[in-house]
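> 3D, please:
(chains A and B)
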Amino acid sequence: MTTKPLRLRELAKGEDRLTHGHRMCAGCGAPIIVKQVLMATDYPIIAANATGCLEVSTCISNFTAWKIPWMHSAFENAAATISGIEAMYKSLVKQGRIEDKQVKFIAFGGDGGTYDIGFQSLSGAMERGQDMMYICYDNGAYMNTGIQRSSATPFGADTTTCPAGDVIPGKLQNRKDLTRIMAAHGIPYVAQASPSHWMDLMKKVQKAFEIRGPKFMNVISPCNRGWRSRTDDAIKLSRLAVDTCYWPLYEVENGVTRITVKPKEKKPLVDFLKPQGRFKHMFTPENEWMLKQAQEYVDKQWDLLQKEAVFSGGEEKVEDKPEAAPAEEKTEVQ
Amino acid sequence: MSKSKGKKFWEKLPAGSVVLEAGSAVKFKTGTWRSMRPRWIEENCIQCMFCWMYCPDMSIKVTAEGKRGEFNYEYCKGCGICALECPGRKGVKAIVMEEEGK
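Numbers count the residues shown, from 1 in each chain, chains lettered A, B, ... in the order given. Purely as a prediction, here's the structure:
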């Protein structure tokens, strides 16, 4: 199958495989991500979903917003569910009972169902080498049940289980870098993406579908309820996350790290934190150290990523070619 | 109890809670959630389709030629992402948000 051209006009003529009428909150980032993922390809897709916002609001009672075969079984086993479906499909094809239509398998999970609760089944599926893709939409807390902290919650964020107050100033730990943990599994393809950079996201999805074996993609998904931001700034915030290098866009393909979108100018982290009410307490004089610490952490991670890209051979050393622009792919005009 | 006339709603559901109709969520109109209403000003539209790409509710209709059509107010929840992301023509937005019912 040829790779679909990514031109907006052409894409717009296609059919949405996630329909309207789903009950995600107004301005949620997750349906934008799912829509972009499903739009990137013409392959038939079978999806499994971990419990979470996406699952509960796209499939309520006898309503479903999915136009593809979709299954939900539990919170912790989206990866195991899709593994089973994939194994069954392979077996049926082998027995000659069904025709091989090059079906692709995706599991969707929120950060709770991926970083925490579903981690064992995800890790297991990756290790077994299932031919599947796992997409995590990371909104940084258990938003569905009322904004409880997860291991994806960034440092300093105010959630209902680590509320900022007199005792603690929000979450005191840094978030777990799951993309790196998945890369450490040694799987063929791991990527980090953002819905604001749709071209980059869709290219990564297309690339992943052409690779056999387990793939993992981590996508930032703004949540205006949990982030205490406006309903209209999901895309603005995800773009700021990329521009501040809080959420760098990169891929690790067979151990080679490539930064796919380099911000033209690295913005200070406060640009990303300021519009979000969950970081409001960090802007008081007594909590100034938190802003400093958060910025230091982001700088350190970004530095490390750049070094890793050079070390793994995904990028040339900047000192050797000072005049060459090292960006691998063109940043699309946003 | 169970012998009483007719079946209860849950008794009519297929076994295993299987939904047999794909995309049946279209029967649920989410447009009633809206408090802010987006308005499309066609003369300022440059057909960039960013609003269509970023709409979380697939509520921007596309014409047969692949051009941007009207809003689908039956499903639009009025989040305003389209209005914020709209580049407009020479900085004049092609989508503005207005209070519902005014």
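> and the worst-scoring helix or strand of chain B on mean pLDDT, how far out from the chain middle?
Ranking every helix and strand in chain B by mean pLDDT, DSSP states H and E puts helix B:9-12 at the bottom, with a mean of 80. Computed by CA atoms, centre = their mean, to the nearest Å, the chain-centroid distance of helix B:9-12 equals 29 Å.
> now do stretch A:47-60
Put simply, stretch A:47-60 sits 16 Å off its chain's centre (CA atoms, centre = their mean).
> can you tell if that stretch touches chain B?
Yes. Counting by CB under 8 Å from any CB of the partner chain, chain B has neighbours in stretch A:47-60: A:58-59. (Each C-beta comes from the backbone N, C-alpha and C, glycine too.)
> about what we covered before: quick check: next helix or strand after the least confident helix or strand of chain B?
Toward the C-terminal end, the helix or strand that comes next after helix B:9-12 (DSSP states H and E) is strand B:36-40.
> who are the packing partners of the following helix or strand past that next one?
Remark: after strand B:36-40, the chain's next helix or strand is helix B:50-54, criterion DSSP H and E. For helix B:50-54, the packing partners by 3 or more CB pairs under 8 Å, 6 or more residues apart in numbering or on different chains; DSSP states H and E come out as helix A:8-13, strand B:60-62, helix B:81-85.
> hmm, residue A:197 is touching residue A:249, no?
Yes. Between residue A:197 and residue A:249 there is a contact under CB atoms under 8 Å: 6.1 Å.
> which residues do these two both contact?
A:242, A:261 (CB atoms under 8 Å, 6 or more residues apart in numbering or on different chains).
> any chance you could map the strands in chain A?
Using DSSP state E, the strands of chain A run over A:45-49, A:59-60, A:63-64, A:70-72, A:104-110, A:133-138, A:189-193, A:215-220, A:249-253, A:256-261.
> write out the residues of the stretch 101-250 of chain A neighbouring chain B.
So the stretch 101-250 of chain A meets chain B at A:195, A:198, A:230-236 (CB under 8 Å from any CB).
> if you set the cut-off to 7 Å instead, what comes out?
Residues of the stretch 101-250 of chain A lying close to chain B by CB under 7 Å from any CB of the partner chain are A:198, A:231-236.
> closest one of those to chain B?
residue A:232 (3.2 Å; CB to the nearest CB).
> need the strands of chain A in CSV (columns: mean pLDDT).
Below are the strands of chain A laid out as CSV (pLDDT from 0 to 100):
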stretch, mean pLDDT
strand A:45-49, 96
strand A:59-60, 90
strand A:63-64, 92
strand A:70-72, 94
strand A:104-110, 96
strand A:133-138, 96
strand A:189-193, 97
strand A:215-220, 97
strand A:249-253, 96
strand A:256-261, 95
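> can you redo these as TSV with mean neighbour count?
Formatted as TSV, those follow (neighbours: other CB atoms under 10 Å in any protein chain shown):
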stretch	mean neighbour count
strand A:45-49	23
strand A:59-60	18
strand A:63-64	22
strand A:70-72	20
strand A:104-110	27
strand A:133-138	28
strand A:189-193	28
strand A:215-220	27
strand A:249-253	24
strand A:256-261	20
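> would you turn these into TSV with distance to residue A:273?
What follows is the strands of chain A, written out as TSV (distance: least, CB to CB, whole Å):
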stretch	distance to residue A:273
strand A:45-49	30
strand A:59-60	34
strand A:63-64	37
strand A:70-72	34
strand A:104-110	22
strand A:133-138	17
strand A:189-193	19
strand A:215-220	14
strand A:249-253	19
strand A:256-261	21
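> figure out which of these is closest to residue A:317.
Residue A:317 sits nearest to strand A:256-261 of all those, at 13.5 Å, using CB to CB.
> let me know whether residue B:93 touches residue B:86 as I believe.
Yes. Contact between residue B:93 and residue B:86 holds when scored by CB atoms under 7 Å: they sit 5.0 Å apart.
> neighbour count winner among the two?
residue B:86 (23 against 17; other CB atoms under 10 Å in any protein chain shown).
> where in chain B is pLDDT low?
Along chain B, the parts satisfying pLDDT under 70 run over B:1-5.
> around chain A, pick out the residues from it.
By CB under 7 Å from any CB, the residues of chain B that approach chain A are B:13, B:19, B:22-28, B:30, B:33, B:49, B:52-54, B:56-59, B:62, B:66, B:72, B:75, B:77-81, B:83-85.
> list the contacts of residue B:82.
Residues in contact with residue B:82 (CB atoms under 7 Å, 6 or more residues apart in numbering or on different chains) are B:38, B:51, B:54-55, B:95.
> farthest pair in those?
B:38 and B:54 (12.2 Å).
> and for the least confident helix or strand of chain B, what's in contact with it?
Counting by CB under 7 Å, 6+ apart, no residue sits against helix B:9-12.
> cool, stretch A:124-136 as well?
A:37, A:79-80, A:82-83, A:86, A:105-109, A:111, A:114, A:122, A:178, A:182, A:185, A:187, A:208, A:212-219.
> can I get that stretch in PDB, CA atoms only?
C-alpha atoms of stretch A:124-136 as PDB (Å, rounded to 0.1, in the frame of the first residue of the first chain):
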ATOM      1  CA  GLY A 124       5.000  -7.400  28.100                       C
ATOM      2  CA  ALA A 125       3.500  -6.800  24.700                       C
ATOM      3  CA  MET A 126       6.500  -4.800  23.600                       C
ATOM      4  CA  GLU A 127       8.900  -7.500  24.800                       C
ATOM      5  CA  ARG A 128       7.000 -10.300  23.000                       C
ATOM      6  CA  GLY A 129       7.400  -8.400  19.800                       C
ATOM      7  CA  GLN A 130       3.700  -8.200  18.900                       C
ATOM      8  CA  ASP A 131       3.000  -6.500  15.600                       C
ATOM      9  CA  MET A 132       1.000  -3.600  17.100                       C
ATOM     10  CA  MET A 133       1.200   0.000  17.900                       C
ATOM     11  CA  TYR A 134       0.400   1.600  21.300                       C
ATOM     12  CA  ILE A 135      -0.600   5.200  21.400                       C
ATOM     13  CA  CYS A 136      -0.700   7.000  24.700                       C
END
